[in-house]
Structure formats: structure tokens, C-alpha cells
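>>> dropping the sequence and predicted coords here.
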Amino acid sequence: MKLTFGSVEENVVTREEFPLAQAQEVLKDEVIAVLGYGVQGPGQALNLKDNGFNVIVGQRKDSKTWDKAVADGWVPGETLFELEEACEKGTILQFLLSDAGQIALWPTVKKHLSPGKALYFSHGFGVTYKEKTGIIPPADVDVILVAPKGSGTSLRRMFVEGRGLNSSFAIYQDATGRARERVIALGIGVGSGYLFETDFYKEVTSDLTGERGTLMGAIQGIFAAQYEVLRANGHSPSEAFNETVEELTQSLMPLVAENGMDWMYANCSTTAQRGALDWWKPFRDATKPVFESLYESVKTGQEAQKSIDSNSKSDYRAKLEEELKELRESEMWQAGATVRQLRPENNG
Ligand SMILES: NC(=O)C1=CN([C@@H]2O[C@H](COP(=O)(O)OP(=O)(O)OC[C@H]3O[C@@H](n4cnc5c(N)ncnc54)[C@H](O)[C@@H]3O)[C@@H](O)[C@H]2O)C=CC1
Ligand SMILES: CC(=O)[C@](C)(O)C(=O)O
Ligand SMILES: [Mg+2]
Ligand SMILES: [Mg+2]
């Protein structure tokens, strides 16, 4: 259906318009092979299975994630296979390796993309940056995308709670004339709430910007800046952490999520409102040039290149873990660990 966002009309598919029974009907003859069992793999595969679809998992044997798949109930030789075997068996190949990992597996996937199969992504990365990835799908398969707008962990949690996480969907190539019904059925199947239509390029450029920006990179940056200023002015770690992170995540962001920023403001003191209304624009103006250079770096493919280069190294996981450890061990997040212990659910 058409929904108006601000003053712009967009195409959104709802579970009411396209119920699960219809999705099951559309995909009744398909074998959905979920390739990769990292973060999105488990969420999507388990939701599909619980929604009654015919789904198998492909994963490297002798890996921790193979063991995780077994622990999650996938049965080797029945519903869990080596990657190549899953590629062969699947009629829909859900390419859920890491974006860099997809480059290495592409020749194998391509080999098994016989006419009429569908190649499914959860990110526009591989085909948008095809000069870098070499992922150029054959012309006689459907190429589709469902990108849940959140972690695979949330996708699964929200499904189990009977909710649903919103996803973007897109069609890059419709070879069979069935790409649209296939992609929507899959979107419903993996546990999406609403499905927002986009294209591969828009999905990848907005997603790379968002995660580097306000969703992850910018938010950590702005937390760190404020925390450092408070500490430099003699505030204790707990005071600095509470005024930077804890109050935001525990009290104020839930209000923003519920009813918007103005409503959160309206539920704070008029003192806070006065100051926050004055200060949001200087913060916007100070950070906008950074967002502009970020978007430029995404648009030129620099961000994609960096991520391919670093995540293709054999020790990329250990390197990432090392940097995450640095974050975890920073005073701000150490203070956070102590503050979190004080929450009723964590303190015995
Ligand atoms: N993590 C998330 O929640 C989200 C991920 N996505 C997209 O979904 C896709 C999958 O992402 P994640 O689940 O984060 O992936 P991930 O980084 O967790 O990796 C998934 C799997 O790829 C396997 N793998 C990596 N390199 C490999 C190689 N060279 N050969 C064989 N297997 C290899 C790993 O063993 C792992 O099981 C990506 O396109 C990502 O951008 C989209 C939305 C959110
Ligand atoms: C969770 C999500 O949608 C991200 C942040 O874009 C990602 O994990 O790539
Ligand atoms: Mg995303
Ligand atoms: Mg992303």
C-alpha cells in the first residue's frame, strides 16, 4: 500500500496485504538455502523454519558456527550441509556470508545458479560494488534483496515476541517474472514487520552511512566527546556515564522510540527543553560536514573498499576483537559495566 511519510508517498508491503499463508503458497516448491550462519543467518533461517518454509543451512564444517547451527536444531545431512552442497540443493540461495566472505564463495555460488533460481542478499553491497567484489549474477536468475533494518539478533527476538522487524526490499533482476512475489514472500518469511521498497544502490549507501553515522559510529563519537569533557572538568566516571549514556538508553530513548523527539523533550523540564532547543542546531552544524564526507566516502566506494580489504584478511576477526576490546576497556564503558550491574534485573 501507499503510505505518506512527511509529504512523500512510498510503497510499503504489510503482513495484512501479504499474509504468511500467501507467502507459504508462493514458496511451496522452493528449497531455501541460507548460506552462512553468523548473525543474520540464524535469525532468518530459524524464522523461516518456524514459519513453515522448506529451509536448509549451508555452513563451513569444523567451525564454531557449524556447531551453533547443530545446537540450534539443524541436522547435518538433513537440514545442514557444507556450503557447496547447500548451493546445489537450494532453489533460492540466501547469500548471508559476511560481505567480504561473499567474494570468496562467489565462484561456488555462481556455479550452482542454474536458470530460474533466485539469488537473495540482505545488503546491496555485493552487486552494487561489483567491480570490487566480482559478484555479477547470470542473467537468467532472479536477484532480490530483503535487508532487515537491525541486527539478526533483534530479528529473531522480535519474531519470538510476535512482533516483526522492518526490512527494506528490492529487486535487481527479474528473470522469472516471479521476483516480486518471491522477494515479498521471503521478506514475510524471515520475520519482517513491514517491507519498504528500495533499490540495491540506495540500500547499501544508506545502510553504510547509517551504521557509520548515528546508529553506531557517530553515537560512540559523541558519547566519547561529552564523557571526556565531563571527566576533564572533575566529574566522576559514574556521573559522566549516567549523564552521557545511561539516562539516554534507559529513560529518554524509549520515549523517543514511542512518540518522537518532541514528545521526549516535552517530558523533560522546561529548563532542559530551553537548552536542548538552543543546542541541537550547533551540534547539527558541527557534525554535518563530517556526515557529508562520510556520504562521499560511501558514494565513491572507499568505505566498501576498506571493508573488503580489512575483512578479507585471515586474521580479521581477531583484529576486530582487539579493537572492540579497546572500546570495552575504555573508562567510559568500564563505568558502564558497573552501572549496568545496578539495574534490578542484573543485581541478584
Ligand atoms: N549482522 C547483521 O545483523 C546484519 C547483516 N546484514 C547483512 O547480512 C549479510 C550477512 O552478515 P552477517 O550475518 O553479519 O555475517 P557474519 O560476519 O556474521 O558472517 C556470516 C558467516 O559467513 C561465514 N564466512 C565468512 N567468510 C567466509 C568465507 N570466506 N568462506 C566461508 N564462510 C565465510 C562465517 O563463518 C559466518 O558463519 C551481510 O551482507 C551483511 O551486510 C544486514 C543487516 C544486518
Ligand atoms: C544491523 C544493521 O542493519 C547494520 C548495522 O547495518 C549491520 O549490521 O550491517
Ligand atoms: Mg543495516
Ligand atoms: Mg549494515
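Good, I have the coordinates. Ligands and ions are numbered 1, 2, ... in the order given.
>>> rest of the way, CA atoms for contacts and neighbours
Noted.
>>> is the helix or strand containing Val143 positioned near ligand 1?
Secondary structure assigned from DSSP states H and E places Val143 in strand 142-148. Yes: interface with ligand 1: strand 142-148 contributes Ala147, Pro148 (C-alpha under 6 Å from any ligand atom).
>>> show residues contacting the following helix or strand past that strand.
Reading on from strand 142-148 to the C-terminus, the next helix or strand found by DSSP H and E is helix 152-160. Contacting residues not belonging to helix 152-160 are listed as 39-44, 46-47, 148, 164-165, 191-192 [C-alpha atoms under 8 Å, 6 or more residues apart in numbering].
>>> in CSV, list the residues you listed along with secondary structure, neighbour count and distance to Ala266.
Below are the contacts of helix 152-160 laid out as CSV (DSSP: H, G, I helix; E, B strand; the rest coil; neighbours: other C-alpha atoms under 10 Å; distance: C-alpha to C-alpha, whole Å):
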residue, secondary structure, neighbour count, distance to Ala266
Val39, coil, 18, 37
Gln40, helix, 24, 37
Gly41, helix, 25, 41
Pro42, helix, 23, 40
Gly43, helix, 22, 37
Gln44, helix, 28, 38
Leu46, helix, 25, 41
Asn47, helix, 23, 38
Pro148, strand, 26, 31
Gly164, coil, 21, 29
Leu165, strand, 21, 28
Gly191, coil, 30, 34
Ser192, strand, 28, 32
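>>> spell out which parts of this protein neighbour ligand 2.
The interface of the chain toward ligand 2, taken as C-alpha under 6 Å from any ligand atom, is made up of Lys149, Gly150, Ser151, Asp207, Glu211.
>>> for the first one, give its distance to ligand 3.
With the distance defined as C-alpha to the ion, to the nearest Å, Lys149 ends up 5 Å from ligand 3.
>>> looks like that residue contacts Leu165 (just checking).
Yes: contact criterion C-alpha atoms under 8 Å: Lys149 and Leu165 qualify, at 6.9 Å.
>>> overlap in contacts of these two?
Common neighbours of Lys149 and Leu165 (C-alpha under 8 Å, 6+ apart) do not exist.
>>> returning to what we had before: among the contacts of helix 152-160, which one sits closest to Gln173?
Pro148 (19.7 Å; C-alpha to C-alpha).
>>> what's the pLDDT at Asn346?
Looking at Asn346, its pLDDT reads 88.
>>> follow-up on the earlier one: avg pLDDT for the strand holding Val143?
98.
>>> do stretch 119-129 as well
98.
>>> residues in contact with that stretch?
Contacts of stretch 119-129 (C-alpha under 8 Å, 6+ apart): 92-96, 99, 102-103, 113, 133, 135-136, 141-148, 199-204, 301, 304.
>>> next secondary structure element downstream of the biggest helix by length in the chain?
In the chain, assigned by DSSP state H, the helix with the most residues is helix 270-299. Per DSSP H and E, the first helix or strand lying C-terminal to helix 270-299 is helix 302-311.
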